[in-house]
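Novice: Pasting the sequence and the predicted coordinates here, then a few questions.
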Amino acid sequence: MENFIAYNPTTLHFGKNILTSLVTTLKEYGNRVMLIYGKGSVKKSGLYDRIMADLKTQGFEVCEYGGIKPNPVIGDVDAAAEIGRQQKVDVLLAVGGGSVIDSVKIISVTIPVDHGGWDFFTGKAKPVKAIPFIAIPTLAATGSEMNPFAVVSNHAEGLKAAFGGPLTFPKHSFLDPALTLTVPKNHTAYGIADLIAHCFEAWFGIGETSLTDRFVLSIIKEAMDYGPKLLDDLHNYEYRERIMFAATMALNGMTMYGRSTGDWGVHSTGHCLSLLYDVPHGASLTIVFPAWMRHFKGQIGNRIAQLGSGLFGEPLTADESIDRIEAFFKSLGCPIRLSDMNIPGDHRQPLFESMVHSKVNGGNVKMKEEDYKALIELYL
Ligand code: NZQ
Ligand code: ZN
């Protein structure tokens, strides 16, 4: 086992109608609230009206920023931070998927400083203080509601990058699985794939830690049991609940106990696909993960076979494990090749250049330019 520190200061409120205690919690942080949301799902579902009505009835002063895009961009972060600064907000409320929650993390550290949000990603600025924020996730996928990470794109710089630290954890997150009942089938599937991919990234990291490996296998098995059931019955609260809980546990630190790092090479590769072609995050992972395992099976074949055998309950080789995992992703309706996304053009060169520019690499499995080329050929 590797030495490790377990730290997670987010208070999680989980369950049906859990939002009834939101305003009491918000009051602890002040009276001036900024509500931040995405492209419109919260308005369509009625959640926006519900929250606004509660806030106004309780006498909060509310400002807002709507329109955060999936695969969020730094321009929205800066524009929202400027409003928050002018309005002297006390607390931020992130209502939406991972894209909204991630954006709010950077907004929260950008408001108090004289910097653009991207300066945190380049290291030009260090967070000194954060406006406290509360997350209300409406999609089960990223685990952003209980971790410090934020992933944002900067198209001018040609990068989709991650940032996070002790100041960027949500103070509280309110998870009502009922809020995810309206997530369409494709994004539900991408979320299931994303949570499984987070477990894989931990699994292929550094550190032999049998108890944590068991946590990881349990989370993936939960997703493999309930994911397909949910996709056949999108309005089933119980299945939504299982998947939401699994998604939060898949990236809240628990899968990293006893490891010095996860791998994350597949995520970094996937970010290039999202940056260039706006591929949804979960879809980028189902495209890259099977190819990555095939390419590196000479190096990590035992670990792949151990994963497959643990998940499918019978002794499997690395090749059989990869085939079964790929078939599972396909059964969710996720793409397993970039060509499944029907994006016209030859993508080899832009993908390769993006990987070089992004310095794509794994924490454990190291990647060189020859690996980029081979990987691209395998998933095209
Ligand atoms: O924008 P709106 O209108 O809200 O629609 C969203 C969006 O189109 C929609 N949606 C969300 N909740 C809904 C809903 N539609 C109907 N009903 C609801 N209840 O779903 C679409 C996708 O939303 P998005 O927030 O982009 O999805 P997700 O939660 O998968 O977040 C993806 C982003 O998180 C990053 C990804 O890279 C990507 O940018 N990640 C963040 C991580 C973290 N913070 O730890 C780790 C991950 O590995 C990942 O990198
Ligand atoms: Zn992910």
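Specialist: In hand now; what should we look at? Ligands and ions are numbered 1, 2, ... in the order given.

Novice: Can you tell me, leaving aside adjacent residues, what's nearest to the spatially most central residue of the chain?
Specialist: With distances taken as Cα atoms, centre = their mean, the residue of the chain nearest its centroid is Thr142 (2.6 Å). What sits nearest to Thr142 in space, not counting adjacent residues and going by Cβ to Cβ, 6 or more residues apart in numbering, is Gly98, at 3.3 Å. For every residue, glycine as well, the C-beta is placed using N, CA and C.

Novice: quick one: contacts for the one you found?
Specialist: Taking Cβ atoms under 8 Å, 6 or more residues apart in numbering, we find Gly98 in contact with 137, 139, 141-142, 144, 151, 281.

Novice: Can you get me a residue count around the one residue in the stretch 251-380 of the chain that gets nearest to ligand 1?
Specialist: When scored by Cβ to the nearest ligand atom, the stretch 251-380 of the chain has His281 as its residue closest to ligand 1, at 3.7 Å. Neighbour count for His281, taken as other Cβ atoms under 10 Å: 26.

Novice: What of Gly46?
Specialist: So Gly46, with other Cβ under 10 Å, has 10 neighbours.

Novice: ditto for Ser108
Specialist: Neighbour count for Ser108, taken as other Cβ under 10 Å: 28.

Novice: Please apply the same query to Asn302.
Specialist: Per other Cβ under 10 Å, the neighbour tally for Asn302 reads 10.

Novice: if we can go back for a sec, close enough to count as contact, the residue nearest to the centre of the chain and Ala197?
Specialist: No - using Cβ atoms under 8 Å as the test, Thr142 is too far from Ala197 to be in contact (10.4 Å).

Novice: Report the beta-bridge partners for the closest residue to Leu93 other than its chain neighbours.
Specialist: Nearest non-adjacent residue to Leu93, counting by Cβ to Cβ, 6+ apart: Leu35, 4.9 Å away. Counting by DSSP bridges, Leu35 forms beta bridges with Glu64, Leu93.

Novice: and the gap between Ile220 and Glu28?
Specialist: Separation of Ile220 from Glu28 (Cβ to Cβ, to the nearest Å) stands at 36 Å.

Novice: what about these two, which has more around it?
Specialist: Ile220 (26 against 12).

Novice: ok, now which ones touch that one?
Specialist: Per Cβ under 8 Å, 6+ apart, neighbours of Ile220: 196, 199-200, 311.

Novice: got those residues as a markdown table, with secondary structure, pLDDT and neighbour count columns?
Specialist: Formatted as a markdown table, the contacts of Ile220 follow (DSSP: H, G, I helix; E, B strand; the rest coil; pLDDT from 0 to 100; neighbours: other Cβ atoms under 10 Å):
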| residue | secondary structure | pLDDT | neighbour count |
| --- | --- | --- | --- |
| Ile196 | helix | 99 | 30 |
| Cys199 | helix | 99 | 26 |
| Phe200 | helix | 99 | 24 |
| Leu311 | helix | 98 | 20 |
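
Novice: so Tyr7 touches Gly165, yeah?
Specialist: No - at 10.9 Å, Tyr7 does not count as touching Gly165 under the criterion of Cβ under 8 Å.

Novice: neighbour count winner among the two?
Specialist: Gly165 (15 against 9).

Novice: pretty sure the more buried one contacts Pro127?
Specialist: Yes - if you go by Cβ under 8 Å, Gly165 and Pro127 touch, sitting 6.1 Å apart.

Novice: Spell out which parts of the chain neighbour ligand 1.
Specialist: Proximity of the chain to ligand 1 (Cβ under 6 Å from any ligand atom) is limited to residues 38-42, 45, 70-72, 96-100, 102, 138-139, 141-144, 147, 149-151, 179-180, 182-183, 187, 191, 194, 251, 267, 281-282.

Novice: same thing but at 5 Å, please
Specialist: Within the chain, the positions adjacent to ligand 1 are 38-41, 70-71, 96-99, 102, 138-139, 141-142, 144, 147, 149, 151, 182-183, 187, 281 by Cβ under 5 Å from any ligand atom.

Novice: if you look at those residues, which of them are in helices?
Specialist: Of those, the ones assigned to helices by DSSP state H are 41, 98-99, 102, 187, 281.

Novice: in a strand, that's where Leu211 is, yeah?
Specialist: No - under DSSP: H, G, I helix; E, B strand; the rest coil, Leu211 sits outside any strand and is assigned helix.

Novice: Domains of this structure: list them as residue ranges, please.
Specialist: Under the assignment automatic domain parsing, the domains of the chain span 11-180, 185-379.

Novice: Looking at the stretch 51-200 of the chain, which residue is nearest ligand 1?
Specialist: Residue nearest to ligand 1 within the stretch 51-200 of the chain: Gly97 (2.2 Å; Cβ to the nearest ligand atom).

Novice: which one among the contacts of Ile220 gets closest to Glu370?
Specialist: Distance to Glu370, by Cβ to Cβ, is smallest for Phe200 among these, at 22.9 Å.

Novice: Return the residues in contact with the closest one.
Specialist: 220, 266, 289, 307.

Novice: Dump these into CSV; add pLDDT as well.
Specialist: Shown next, in CSV, are the contacts of Phe200 (pLDDT from 0 to 100):
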residue, pLDDT
Ile220, 99
Val266, 99
Phe289, 98
Leu307, 98
